[in-house]
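> Quick one: sequence plus predicted model below, questions after.
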Amino acid sequence: MSELLVINNLHASIQGKEILKGINLTIGAGEVHAIMGPNGAGKSTLSAVLTGNPLYEVTEGEVWLKGKNLLQMSAEQRAREGVFLSFQYPVEIPGVSMVNFMRTAVNEKRKYEGKDPLSATEFLRLMREKKQMLDMADKLNNRSVNEGFSGGEKKKNEIFQMAMLEPCLRILDETDSGLDIDALRIVADGVNKLKTKDNASIVITHYQRLLDYIVPDYVHVLANGRIVKTGDKSLVAELEEKGYAEFE
Amino acid sequence: MLNLNKGEHKELVYINSSQVDIHVQQHADSVLRVVVINLPQAPDGEINHTIHIDHVEAGCHTEIYALAFIKDKEQVRIHTRMHHDVGEGESKQVVKFVLADQAQGAFLGELKIQPNAQQVSAEQTNRNLLLSDEAIMRTQPQLEIYADDVKASHGASSGQLDESALFYMQQRGIDAATGRRMLVAAFMKDIVEQVSDAEQREQLLQTIDSVV
């Protein structure tokens, strides 16, 4: 195993209120880590801080991605280094078409990696291939990003973008919220298909449901800004049964 | 004053005009589209547009699309007067401002539906994007509705770029400056798309790309 992500003593706050109070976590390539915990524990804050959301302030600690200092990078640089967040609430962007959005994103990443940009034809072919692989319909291209999409369409669109950008660190923030069982299966299948020995996943969720499909190697309980318990997948069933009361 | 005869269709497009001052009387079942677009031109220019439309016979249809994207100390004032004097007419107005630097915009939107103008459908939307703390927008919708069997709606909003959309773009690797440009261009797109001449439309989109 090689270390992909190392988080040391991470503290973060929003508007002066401390949410993360010393997170330590090491994630190796090829691993799936589930982060579970009660509401308000800091799960979404962790994903926001890792992706460089400007609303949050890191007050202490460090984060290394493949040996590079993540916290010193801009949000876009982190994305180009391979950090991808599947948003809990994907944002609607009226007037920006999916094609234009995705082509800009893919080509900015290629530029960062010293590669030539994809031509319009190459890009459309790539989009078609990824959609086929994920069993997704090829109808969203000319619509504005997420505009008027149903909850399920938005989450599928996140996974499609993940397929296009091939990130090394995939953070799924409550991806199961608002999904019916069919959409959940398509989303989870996509995540599994895109899994390689070189990428890792952080799956943030309240419930066992998603983890029946995306099986974690490690399960962490996040409560009151700290990781208070770590186990293997058997911990999921235990939490489902007992709830989070003992950690609150 | 311009008269649109019964059943006549007309499109009036004004790109970067320093003054638009039109008064159109529409007769039965005529259709009018007005598109007014101003992009940054003179750093301290002043622009005044007045678009006055009267529906004097039934069954008329009017669409007014206006966009002013201004910078520096430019000032643009857009005044629409949409008068429904008779019934069974439709009107739609969409007016947008994008204001950078110390630019100042003003919109006065008069919408008048006379007592006997029943079954009119009228819509007025004003949306403004402020890119600087020093830009100023004044907006004044003025609705006078005297008929009771009508559908009239209006909305006015002014705001800044959507920071959550910008972060979403950055999270996909799009740098902040490019993301801002895309969002500003997207805000203007629906108005530019109303220009029916493809060449003119393409030219506008390119100009917007270069000035945003």
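Here it is on my side, so go on.
> which residues sit in contact with the closest residue to A:C168 other than its chain neighbours?
With Cβ to Cβ, 6 or more residues apart in numbering or on different chains as the criterion, A:C168 has its nearest non-adjacent residue at 3.6 Å, and that residue is A:G82. Backbone N, C-alpha and C define where each C-beta goes, glycine included. By Cβ atoms under 8 Å, 6 or more residues apart in numbering or on different chains, A:G82 lies in contact with A:L65, A:E166, A:P167, A:C168, A:L169, A:N199.
> Give me the contacts around the longest helix along chain B.
Counting by DSSP state H, the longest helix found in chain B is helix B:176-192. With contact meaning Cβ under 8 Å, 6+ apart, helix B:176-192 is reached by A:74-76, A:93-96, A:100-101, A:104, A:108, A:144, B:35, B:37, B:65-67, B:69, B:94, B:96, B:98, B:127, B:129, B:131, B:161-162, B:165-166, B:169-170, B:174, B:201, B:204-205, B:208-209, B:212.
> Give me the subset of those residues lying in strands.
Taking DSSP state E, the ones among the contacts of helix B:176-192 that sit in strands are A:93-96, A:144, B:35, B:37, B:65-67, B:69, B:94, B:96, B:98, B:127, B:129.
> quick one, helices of the chain?
You didn't pick a chain, so chain A it is. With helices called from DSSP H, chain A shows them at A:43-51, A:75-80, A:98-112, A:120-133, A:151-165, A:181-193, A:208-213, A:234-242.
> could you do chain B instead?
B:163-171, B:176-192, B:198-211.
> Can you say which of those is packed in most?
By mean neighbour count, with neighbours taken as mean count of other Cβ atoms under 10 Å in any protein chain shown, helix B:163-171 ranks first of those at a mean of 21.
> on that earlier part again, kindly give a single PyMOL line that selects the buried subset of the contacts of helix B:176-192.
This is the PyMOL syntax for the buried subset of the contacts of helix B:176-192, where burial follows 16 or more other Cβ atoms under 10 Å in any protein chain shown:
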select buried, (chain A and resi 75+76+93+94+95+96+100+101+104+108+144) or (chain B and resi 35+37+65+66+67+69+94+96+98+127+129+131+162+165+166+169+170+174+204+205+208+212)
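> measure A:G37 to A:L222 for me?
Note on A:G37: its distance to A:L222, by Cβ to Cβ, to the nearest Å, is 4 Å.
> overlap in contacts of the two?
Common contact partners of A:G37 and A:L222 (Cβ under 8 Å, 6+ apart): A:K43.
> For the nearest residue to B:R77 once chain neighbours are set aside, which residues count as its bridge partners?
Computed as Cβ to Cβ, 6+ apart, the closest residue to B:R77 that is not its neighbour in sequence is B:A106, at 4.3 Å. In this entry, B:A106 is beta-bridged to B:R77, B:R138, by DSSP bridges.
> isn't B:A106 right next to B:N128, touching?
No - counting by Cβ atoms under 8 Å, B:N128 is not a contact partner of B:A106; they are 10.4 Å apart.
> More neighbours: those two, which one.
Neighbours were counted for B:A106 and for B:N128 using other Cβ atoms under 10 Å in any protein chain shown; B:N128 has more, 21 against 17.
> ok, A:R125 to A:N100 distance?
Look at A:R125 and A:N100: by Cβ to Cβ, they are 17 Å apart.
> now swap in A:E129 and tell me
Plainly put, A:E129 is 19 Å away from A:N100 if you go by Cβ to Cβ.
> Also A:I159?
A:I159 is 20 Å from A:N100, by Cβ to Cβ.
> again, but for A:G152
Separation of A:G152 from A:N100 (Cβ to Cβ) stands at 23 Å.
> what does A:F84 give?
Following Cβ to Cβ, the distance that separates A:F84 from A:N100 is 19 Å.
> And B:G155, by the same measure?
B:G155 is 27 Å from A:N100, where distance means Cβ to Cβ.
> Return the residue of chain A that is most distant from the centre.
Centroid-distance maximum for chain A: A:T121 at 28.7 Å, with Cα atoms, centre = their mean.
> And chain B, by the same measure?
The centre of chain B is farthest from one residue, B:G173, which by Cα atoms, centre = their mean lies 33.2 Å away.
> Check the burial of the residue nearest to that one when sequence neighbours are not counted by counting its neighbours.
Spatial nearest neighbour of B:G173, chain neighbours left out: A:A79 (3.9 Å); criterion: Cβ to Cβ, 6+ apart. Residues lying near A:A79 (other Cβ under 10 Å) number 27.
> Closest residue of chain A to chain B?
A:G95 (2.8 Å; Cβ to the nearest Cβ).
> A:L65 pairs with what?
A:L5, A:K68.
> doesn't A:V83 make contact with it?
Yes - between A:L65 and A:V83 a contact is recorded at 6.7 Å, counting by Cβ under 8 Å.
> Quick one: low-confidence residue ranges for the chain.
No chain specified, so I'll use chain A. Under the criterion pLDDT under 70, the flagged ranges of chain A are A:1, A:138.
> For it, list the residues in contact with chain B, please.
Within reach of chain B by Cβ under 8 Å from any Cβ of the partner chain, chain A has these residues: A:51-54, A:74-76, A:79-80, A:84-85, A:87, A:90-96, A:100-102, A:104-105, A:108-109, A:112, A:144-145, A:161, A:165.
> residues contacting the nearest residue to A:N192 once chain neighbours are set aside?
Distances taken as Cβ to Cβ, 6+ apart place A:I214 nearest to A:N192, at 6.4 Å, with adjacent residues excluded. For A:I214, the contact set (Cβ under 8 Å, 6+ apart) comprises A:V32, A:L172, A:A188, A:V191, A:N192, A:S201, A:V203.
> For chain A, what's its nearest residue on chain B.
For chain B, Cβ to the nearest Cβ, closest residue to chain A: B:A186, 2.8 Å.
> quick one: that residue from B:N128, how far?
With Cβ to Cβ as the criterion, B:A186 and B:N128 are 15 Å apart.
> what do you get for A:T51?
From A:T51 over to B:N128 the distance is 31 Å, taken as Cβ to Cβ.
> and the residue most central in space within chain A, what is it in contact with?
By Cα atoms, centre = their mean, the mean C-alpha position of chain A lies nearest to A:I171, the distance being 1.9 Å. Residues near A:I171 by Cβ under 8 Å, 6+ apart: A:S47, A:L50, A:T51, A:V83, A:F84, A:L85, A:S86, A:S201, A:I202, A:I204.
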